[in-house]
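> A structural model of the following input is requested.
(2 chains)
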Amino acid sequence: MPLILTEEQTMMQEAADGFLRENAPIAHLRGLRDGRDPDGVSRDLWRAFGEMGFAGVLIPEAYGGLGLGAVEAGVIAESLGRTLTPSPFLGTAVLAARTLAAGSEEQQTEWLPRMAAGETIVSLAVDEGAKHRPDRIAATAERHGNGFRLNGAKAMVLDGHVADALIVAAKTEEGTTLFLVDPKTAGVEIERTVMVDAHNAARLTLTNVEVDADAVIGPVGGGDAVLDGVLTLGRGCVASSLVGAGDQAFQITLDYLRTRKQFGKLIGEFQALQHRAAHLFSELEIARAATLAALQAIDAGREDAPLIASVAKAKASRVAELAVQEGVQMHGGVGMTDEFDIGLFMKRVRVLNELLGDAGFHQERMARARGF
Amino acid sequence: MNELDDFRAETRAWLEANCPPECRGPAEEDAAIWGGRNAVFKTPAHRLWLDRMAARGWTAPEWPVEYGGGGLSREQAKVLASELRRIQAQSALNSFGVWMLGPALLAFGTEEQKQRFLPEIVRGEIRWCQGYSEPGAGSDLAAVQTRAEDRGDHWIVNGQKIWTSYADKADWIFCLVRTDPEAPKHLGISFVLFDMATPGVTTRPITLISGKSPFCETFFDDVRVEKENLVGTLNRGWDVAKHLLAHERTMIGAMTAVGEGRPIGQVAADHIGLDDAGRLDDPMLRARIAEFEIDAAAFRLAMERVGDQVKAKQAHPAIASMLKYYGSELNKRRHELLMAAGGVDALEWEGERSNNGTPARDWLRTKANSIEGGTSEVQLNIIAKHLLQLPGA
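Below is the predicted model:
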């Protein structure tokens, strides 16, 4: 498979870019942020995502989706990175949709069509502490009556405060297990976390939350295997968003280098800045290649897809971080102002870097895979 | 897809049957196959390996069959490369002819030149060297001063080249000469080919910090060059040179990406050891190696992507500068880490334990990666100008 987008994928990219530029440019994020929107996300926009097919990109056609793959989802995630649009896309259309693919026929019939239509938001709750550590889940699920009783705390639950359903990873005696939880169930406490990037996540406290046995997604104790695939896909898509955000920050910075004058010259004429821009260009090309390779490997069901996704996430994290730092520095004083967009990219990239494992987390996986 | 699977199966079977055991596994430097009139083969198996690969055109897999190449598609060539990697096959032919001159001849050569030179390049019968740099023309390559005077049916060439790789072992040279001293510097250069055995050609090896002498000074004293050996248009040799440099840059970039030799993590584990949890017993170095491995893996994918873009005619020609810049910096980093992985063991300069100082000598050799074929700074200038269109670049 050549490491370039197919014609159909390029059309999807143009559609996503065009739609977001028109309907949810950076002004949309600023509007939600400055108006202190209680949800921090637009339900209308999410329904429009449903109409465009974006919300159901990964959901099978039988459930009202497009039935496409990781590359197409990554293309949309990249566009969202360019416009910084707050959207349930990552949480619902990628993470939750792929998790539910492991669920029962009833679960899929109940949730997937409404997710594909952009009517429903479903959040995956895995992380607990300050860092992404999916192998150290402490939340518990004890057998209780006909079902389970959940206890624990979750963090960085994407769109958790506006979710119509939660998917909670907790430990049973058999191992990690995934549960579909109605957020209105007694004992579920949800606190919206207003984050640096004005995007949306929540903290979750579960105190003796009772669920039926049919709330389990996939086999009891089989959550790790499901999560492996889900998190790999999520990492590929977050890497795409990082590439989108990093590249857009770079483009904005290049425009500035071509227009800003100091010492009687365009600052882009200074070799000190040219070389840094050229280095950043190289890094972005490399991050883009790794990300596309990861998405293709996921679609091909390759055994090394988790490792390539780690390469992509680690590389895209570091490169996007460089892009926003160089961006603010090359903008000089105005880069520090809220009025200029470059700072918004810095904030978003910081959040995406932590999401689903930072560069260090993925380097650790690489070291173990290589046996050192 | 199915056809490609068939090709993979056939290729695997053929390689299993035809790649001699002596030509598998990490290649010792003295086993490298360079071909040429005075070809040296470490064992008869090495000669056999070259001959078998050349007979299929697989020393130049993507070249047209009519010029002796393999005629493979890009996808087939990738399969061949991965199957060669799978059995750790050593390169059947290292060749500046395959890597650099051939692509330039395919793009700029006359039909006669292609038929004359390409098949013998594929077969490894003629070893080529590259006459580009001069004492006064390094990063500023277009400042070449070597003169070619027009004598009707031939030129008389006088001047000096430097950093000519393996000039002392090469049979022929592809060379930049000034054919119009009055023209602006980029417009008076021509690209010519001649035999290194021509009277008036002398070479002198240069000893490097690694103690080795892969480069020479090359002197031309009234050397006769036939006009039929002009490649491309008279005085427009810079176009050929640039085309060829793009291939050279891709090649230098690629050399790092192939990941020859053992992974650094394993080298480090051999010298330093693992802790009880199976991790390298040097956490700081382990983190640096892991970060490098991420970059190296991502870069390999970027190389592959650029190759695919070239095939799909979506690549900007200046993208080779990105590969060259990044690949050579990465290779320097790789060898810094290999030295750290080896610790004091890697400091030995002589003796059997270090194979006569191979780690240290290889490490020093890589310092030229970001100088030869255009310095990293020149590559960054090219990216800034041609890919980013920055003002005044």
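
> Which SSE is immediately downstream of the least confident helix or strand in chain B by mean pLDDT?
When the helices and strands of chain B are compared on mean pLDDT, DSSP states H and E, helix B:237-257 comes out lowest with a mean of 75. Using DSSP states H and E, the helix or strand that follows helix B:237-257 towards the C-terminus is helix B:264-272.

> Please name every helix or strand in contact with that following helix.
The elements that helix B:264-272 packs onto, with contact taken as 3 or more C-beta pairs under 8 Å, 6 or more residues apart in numbering or on different chains; DSSP states H and E, are helix B:283-311, helix B:319-342. Yep, even glycine has a C-beta here, placed from its N, CA and C like the rest.

> can you put the ones you listed in CSV and add distance to chain A?
As requested, these are arranged in CSV below (distance: least, C-beta to the nearest C-beta, whole Å):
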stretch, distance to chain A
helix B:283-311, 4
helix B:319-342, 5
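
> so of those helices, which one's packed in deepest?
Per residue and on average, the most neighbours among the helices and strands packed on helix B:264-272 fall to helix B:319-342, with a mean of 23 (mean count of other C-beta atoms under 10 Å in any protein chain shown).

> can you tell me which residues contact A:Thr99?
In this structure, A:Thr99 makes contact with A:Leu124, A:Ile167, A:Leu178, A:Ile217, A:Val226, A:Leu227, A:Val230, judged by C-beta atoms under 8 Å, 6 or more residues apart in numbering or on different chains.

> Any of the residues you listed buried? List them.
Among these, the ones that count as buried by 16 or more other C-beta atoms under 10 Å in any protein chain shown are A:Leu124, A:Ile167, A:Leu178, A:Ile217, A:Val226, A:Leu227, A:Val230.

> Quick check: of those, which lies closest to A:Ile342?
Distance to A:Ile342 across the buried ones among the contacts of A:Thr99 (C-beta to C-beta) is lowest for A:Leu124, with 30.8 Å.

> List the pairing partners of whatever helix or strand the closest one lives in within its sheet, with orientation.
For A:Leu124, the host element (DSSP H and E) is strand A:122-125. In the sheet containing strand A:122-125, the strands it pairs with under DSSP bridges are strand A:165-172 (parallel).

> Can you name the residues bridging to residue 175?
The chain I'm using is chain A. The partner residues for A:Gly175, given DSSP bridges, come to A:Thr172.

> meant chain B actually
With beta bridges defined as DSSP bridges, B:Cys175 has these partners: B:Gly131, B:Val192.

> what sits against it?
Taking C-beta under 8 Å, 6+ apart, we find B:Cys175 in contact with B:Gln130, B:Gly131, B:Tyr132, B:Thr146, B:Val157, B:Lys161, B:Phe191, B:Val192, B:Leu193, B:Phe194.

> Can you give me the pLDDT of it?
Per-residue confidence at B:Cys175 stands at 96 (pLDDT).

> So it versus B:Leu4, what's the distance?
Taking C-beta to C-beta, to the nearest Å as the measure, B:Cys175 and B:Leu4 are separated by 41 Å.

> Kindly report the same for A:Glu78.
With distances defined as C-beta to C-beta, the gap from A:Glu78 to B:Leu4 amounts to 28 Å.

> Same question for A:Phe49.
Summarising the geometry, the distance separating A:Phe49 from B:Leu4, computed by C-beta to C-beta, is 37 Å.

> go on, A:Asn146?
When C-beta to C-beta is applied, the distance between A:Asn146 and B:Leu4 equals 53 Å.

> Between the two, tell me which one has more neighbours.
Shown here are A:Asn146 and B:Leu4; by other C-beta atoms under 10 Å in any protein chain shown, B:Leu4 has more neighbours (13 against 10).

> Which of the three states applies to the closest residue to the more buried one other than its chain neighbours?
Excluding its sequence neighbours, the residue lying closest to B:Leu4 (C-beta to C-beta, 6 or more residues apart in numbering or on different chains) is B:Glu75, at 5.8 Å. B:Glu75 falls in the helix class when you classify it by DSSP: H, G, I helix; E, B strand; the rest coil.

> Compute the distance between the closest residue to A:Gly218 other than its chain neighbours and A:Ile217, please.
Among residues not flanking A:Gly218 along the chain, A:Ala102 sits closest, at 4.1 Å (C-beta to C-beta, 6+ apart). A:Ala102 sits 6 Å away from A:Ile217 when distances are taken as C-beta to C-beta.

> sorry, back to before: JSON lines please, covering the buried ones among the contacts of A:Thr99 and showing secondary structure and pLDDT.
Formatted as JSON lines, the buried ones among the contacts of A:Thr99 follow (DSSP: H, G, I helix; E, B strand; the rest coil; pLDDT from 0 to 100):
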{"residue": "A:Leu124", "secondary structure": "strand", "pLDDT": "98"}
{"residue": "A:Ile167", "secondary structure": "strand", "pLDDT": "98"}
{"residue": "A:Leu178", "secondary structure": "strand", "pLDDT": "98"}
{"residue": "A:Ile217", "secondary structure": "strand", "pLDDT": "98"}
{"residue": "A:Val226", "secondary structure": "helix", "pLDDT": "98"}
{"residue": "A:Leu227", "secondary structure": "helix", "pLDDT": "98"}
{"residue": "A:Val230", "secondary structure": "helix", "pLDDT": "98"}
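
> Please verify my assumption that B:Gln115 contacts B:Pro64.
No. Taking C-beta atoms under 8 Å as the contact criterion, B:Gln115 and B:Pro64 are not neighbours in contact, 11.1 Å apart.

> And chain A, what are its domain boundaries?
Dividing chain A into domains by automatic domain parsing, as the record does, gives the ranges A:7-120, A:124-221, A:224-369.

> What lies in contact with stretch B:100-118?
For stretch B:100-118, the surrounding residues in contact (C-beta under 8 Å, 6+ apart) are B:60, B:63-64, B:67-69, B:97, B:121, B:126, B:128, B:130, B:174, B:191, B:193, B:228-229, B:231-232, B:239-240, B:243-244, B:247-248, B:251.
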